[in-house]
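Q: here is a sequence together with a model predicted from it:
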Amino acid sequence: MKILTATEKPFAAAAVNGIKEICQAAGHEAVLLEKYTDRQQLLDAAADADALIVRSDKVTPEVIAAAPKLKIVVRAGAGYDNISLDACTERGIVVMNTPGQNSNAVAELALAMMIYMSRNCFTPGTGKEISGKKLGIQAYGNVGRLVAAKAKALGMEVMAYDPFVPAEKMLADGVVPATTLEEMYSSCNFISLHIPATAETRGSIGYSLLSLMPDGACLVNTARKEVINEAELVKVLSDRAGLKYVTDIAADCQAELNEKFGKRVFATPKKMGAETAEANINAGLAAARQIVEYFATGCTRFQVNAK
Ligand code: NAD
């Protein structure tokens, strides 16, 4: 089988080599397309691929149509909103992600962002400590759980909201389960977003929730920009002079945010949550292993589209 790794933003070299080794050891051919600048390069490379490994690359219906032999697509990472699930399902193509493989990298960045914003973006002046502050975690999945554990170790009180995780699990981790988002937003100094971008969550973080936050509170977004209602974010930052917003995914209106709110907002220049050598290697190798296992045994453990 031909396994294509197509990454506009390349993997670390160790991940690229590891993917190749795993594919070849199982008797498959490993093909690499990285740093492509034109969609046509992706369409051409996909033409004879049986399997596809991507990162944030967009796997649109056009890509699926250009790849008649494609049987499996693996998103090396957690969020898979860059993949057209319906187009894959229609063709019987299996879509998987690699859950948990980059979570530690994202969790560390979320904590770093809290400290950065608490210390005036590392400019002179009196800052604040995060120890003793209250953190609300929106979505208690792989990243959310790690943020909770690390925050607790740094002396924070942690609350979490996730309707799909039993309260007992949070309590066992020493995390207070929030029964409503309103309860969490109104009582936390930091809210850290770890929800996936879905039909339900897109645009769901807006004025009604953000205006509940206490003075000086900070919203931390290492999830997706799409979950934010940007017009309402601008309004709440205008109305509430103490609120802060830090994000790993620049808003469409980031220039306006920067101009209007200065050090109360910060966006990483390019999404970097999963940009560590460790996360790259973990996610890349997991993607290759999952494809090899799928071809060998039909295992669909991490399938995310409808079967
Ligand atoms: P995960 O699948 O392990 O966890 C997602 C959690 O969201 C689950 O516990 C689920 O129950 C919960 N959830 C779903 N809908 C919800 C809702 N409406 N309200 C509250 N909770 C809800 O995913 P993860 O690995 O923790 O990653 C979370 C998100 O972080 C990803 O979907 C992705 O968008 C983003 N992410 C960003 C980067 C980055 O580079 N910044 C890297 C990895 C992941």
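A: Arrived safely, thanks for sending.

Q: for the residue of the chain found nearest the ligand, report the pLDDT, please.
A: With distances taken as Cβ to the nearest ligand atom, the chain approaches the ligand most closely at Gly141, which sits 1.7 Å away. All C-beta spots, glycine's among them, are computed from the backbone N, C-alpha and C. Gly141 carries a pLDDT score of 97 in this model.

Q: OK, contacts around it?
A: Remark: with contacts taken as Cβ atoms under 8 Å, 6 or more residues apart in numbering, Gly141 is in contact with Ala78, Asp162, Val165, His194.

Q: from Ala167, how far off is it?
A: Computed with Cβ to Cβ, to the nearest Å, the distance linking Gly141 and Ala167 is 15 Å.

Q: can you tell me, leaving aside adjacent residues, what's nearest to Val63?
A: Ala46 (5.8 Å; Cβ to Cβ, 6 or more residues apart in numbering).

Q: how near is that neighbour to Gly144?
A: Counting by Cβ to Cβ, the gap between Ala46 and Gly144 amounts to 34 Å.

Q: what about the two, which has more around it?
A: The residue with more neighbours, out of Ala46 and Gly144, is Gly144; 28 against 25, by other Cβ atoms under 10 Å.

Q: farthest pair in the contacts of Gly141?
A: Ala78 and Val165 (15.6 Å; Cβ to Cβ).

Q: more neighbours: which of those two?
A: Neighbour comparison, Ala78 and Val165: the larger count goes to Ala78, with 22 against 17 (by other Cβ under 10 Å).

Q: so the more buried one is in contact with Ser103, correct?
A: Yes: taking contact to mean Cβ atoms under 8 Å, the distance of 7.0 Å between Ala78 and Ser103 places them in contact.

Q: overlap in contacts, those two.
A: Taking Cβ under 8 Å, 6+ apart as the contact definition, Ala78 and Ser103 share the neighbouring residues Asn142, Val143.

Q: in whichever helix in the chain runs longest, what counts as buried?
A: In the chain, taking DSSP state H as the definition, the longest helix is helix 277-297. By neighbour count with 16 or more other Cβ atoms under 10 Å, helix 277-297 contains the buried residues 279-292, 294-295.

Q: what does stretch 226-241 give?
A: Residues of stretch 226-241 classed as buried: Glu226, Val227, Ile228, Asn229, Glu230, Glu232, Leu233, Val234, Val236, Leu237, Arg240 (neighbour count, 16+ other Cβ under 10 Å).

Q: check the gap between the first one and Gln303 for me.
A: So that's Glu226. When Glu226 is compared with Gln303 (using Cβ to Cβ), they lie 23 Å apart.

Q: check the fifth one too.
A: Distance, Glu230 to Gln303, by Cβ to Cβ: 33 Å.

Q: interface residues of this protein facing the ligand?
A: Within reach of the ligand by Cβ under 6 Å from any ligand atom, the chain has these residues: 77-79, 99, 102-103, 106, 138-144, 161-165, 194-197, 200-201, 222-224, 248, 271, 273-274.

Q: among those residues, name the ones in strands.
A: Using DSSP state E, the members of those that fall in strands are Gln138, Tyr161.

Q: can you say which of the residues of the chain next to the ligand are buried?
A: The neighbour-count test (16+ other Cβ under 10 Å) marks 77-79, 99, 102-103, 106, 138-144, 161-162, 165, 194-197, 201, 222-224, 248, 271, 273-274 as buried among the residues of the chain next to the ligand.

Q: which members of these are positioned in helices?
A: Secondary structure defined by DSSP H assigns Ser103, Val106, Asn142, Val143, Gly144 of those to helices.

Q: report the contact partners of the last one.
A: Which is Gly144. So Gly144 contacts Ile137, Gln138, Ala160, Asp162, Ser192, His194 (Cβ under 8 Å, 6+ apart).

Q: can we see that at 10 Å?
A: 103, 106-107, 110, 137-138, 158, 160-162, 165, 170, 175, 192-195, 223 (Cβ atoms under 10 Å, 6 or more residues apart in numbering).

Q: what mean pLDDT does stretch 251-260 have?
A: When pLDDT is averaged over stretch 251-260, the result is 98.

Q: buried sites along it?
A: Of the residues in stretch 251-260, those scored as buried under the neighbour-count criterion (16+ other Cβ under 10 Å) are Ala251, Cys253, Gln254, Leu257, Asn258.
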